[in-house]
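J.: Quick one, fold the following:
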Amino acid sequence: MKYLCLGYYAPDAFDSMTDEERKALGERCRPHDEKFNGTGKVLDVASLQHRHGAHVRPGPDGPSVTDGPFAEAKEVVGSFFLIEADSLEEATEIASLHPAAQIGWELGFSMEVRPVETVWVKDGNYVGPREPA
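T.: Numbers count the residues shown, from 1 in each chain. From the prediction side, this is the model:
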């Protein structure tokens, strides 16, 4: 089964860091990234651009679009990755190797691990979850 993991951070805390502090943070992340990626269970991983994007919210007159990707929150999604694991427990163990679970408490680092419920669409029609192979 696939698990989507969302890595959170506090943008204001990140903004207050100097370039040297950001570089040092990257160095602190490296050994955790190596262990995390070394599991062979990580399918995709990406960091999101800091403070870039759009927020789309439905409304009575249609969608409303505002600058910035963030919903109203102190912690926002800063990265995501997909894990292939046999259980939520295994996915959580693997996710716990990621830097957002090991360091950065002062930057609001945290992580969410969610099972992916796959919906398949064929020719524009909903066909439901794919049966396991």
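J.: Relative to the worst-scoring helix or strand of the chain on mean pLDDT, what are the paired strands and their orientations?
T.: Here the helix or strand of the chain ranked lowest by mean pLDDT, DSSP states H and E is strand 125-128, holding a mean of 74. Under the criterion DSSP bridges, strand 125-128 sits next to strand 120-122 (antiparallel) in its sheet.
J.: tell me the mean pLDDT for the strand it pairs with?
T.: Taken as a whole, strand 120-122 has a mean pLDDT of 76.
J.: Please state the offset of it from the chain centre?
T.: Put simply, strand 120-122 sits 25 Å off its chain's centre (C-alpha atoms, centre = their mean, to the nearest Å).
J.: what does stretch 48-55 give?
T.: In terms of C-alpha atoms, centre = their mean, the centre of stretch 48-55 is set 13 Å apart from its chain centre.
J.: Buried residues in it, which are they?
T.: Residues of stretch 48-55 classed as buried by neighbour count (16 or more other C-beta atoms under 10 Å): Leu48. Backbone N, C-alpha and C define where each C-beta goes, glycine included.
J.: Now do the buried residues in stretch 105-123.
T.: Neighbour-count burial for stretch 105-123 flags 107-109, 111, 113 (criterion: 16+ other C-beta under 10 Å).
J.: Pull the residues that contact the least confident helix or strand of the chain.
T.: The set of residues external to strand 125-128 that reach it, using C-beta atoms under 8 Å, 6 or more residues apart in numbering, is 119-121.
J.: Using TSV, lay out these together with distance to Ile103.
T.: Formatted as TSV, the contacts of strand 125-128 follow (distance: C-beta to C-beta, whole Å):
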residue	distance to Ile103
Val119	35
Trp120	38
Val121	39
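J.: between those, which is nearest Tyr8?
T.: Val119 (25.0 Å; C-beta to C-beta).
J.: Alpha carbons of the longest helix along the chain, in PDB - could you do that?
T.: Scanning the chain for the helix with the most residues, using DSSP state H, yields helix 19-37. Below are the C-alpha coordinates for helix 19-37, written out as PDB (Å, rounded to 0.1, in the frame of the first residue of the first chain):
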ATOM      1  CA  ASP A  19      21.700  31.800   5.100                       C
ATOM      2  CA  GLU A  20      24.400  30.200   7.300                       C
ATOM      3  CA  GLU A  21      21.700  28.600   9.500                       C
ATOM      4  CA  ARG A  22      19.800  27.300   6.500                       C
ATOM      5  CA  LYS A  23      23.000  25.700   5.200                       C
ATOM      6  CA  ALA A  24      23.700  24.200   8.600                       C
ATOM      7  CA  LEU A  25      20.200  22.800   8.600                       C
ATOM      8  CA  GLY A  26      20.800  21.100   5.300                       C
ATOM      9  CA  GLU A  27      23.900  19.500   6.700                       C
ATOM     10  CA  ARG A  28      22.000  18.200   9.700                       C
ATOM     11  CA  CYS A  29      19.400  16.800   7.300                       C
ATOM     12  CA  ARG A  30      21.800  14.900   5.100                       C
ATOM     13  CA  PRO A  31      22.500  11.800   7.300                       C
ATOM     14  CA  HIS A  32      18.700  11.400   8.000                       C
ATOM     15  CA  ASP A  33      18.000  11.700   4.300                       C
ATOM     16  CA  GLU A  34      20.500   8.900   3.600                       C
ATOM     17  CA  LYS A  35      18.900   6.500   6.100                       C
ATOM     18  CA  PHE A  36      15.400   7.500   4.900                       C
ATOM     19  CA  ASN A  37      16.200   7.000   1.200                       C
END
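J.: Right, I'll call it a day here.
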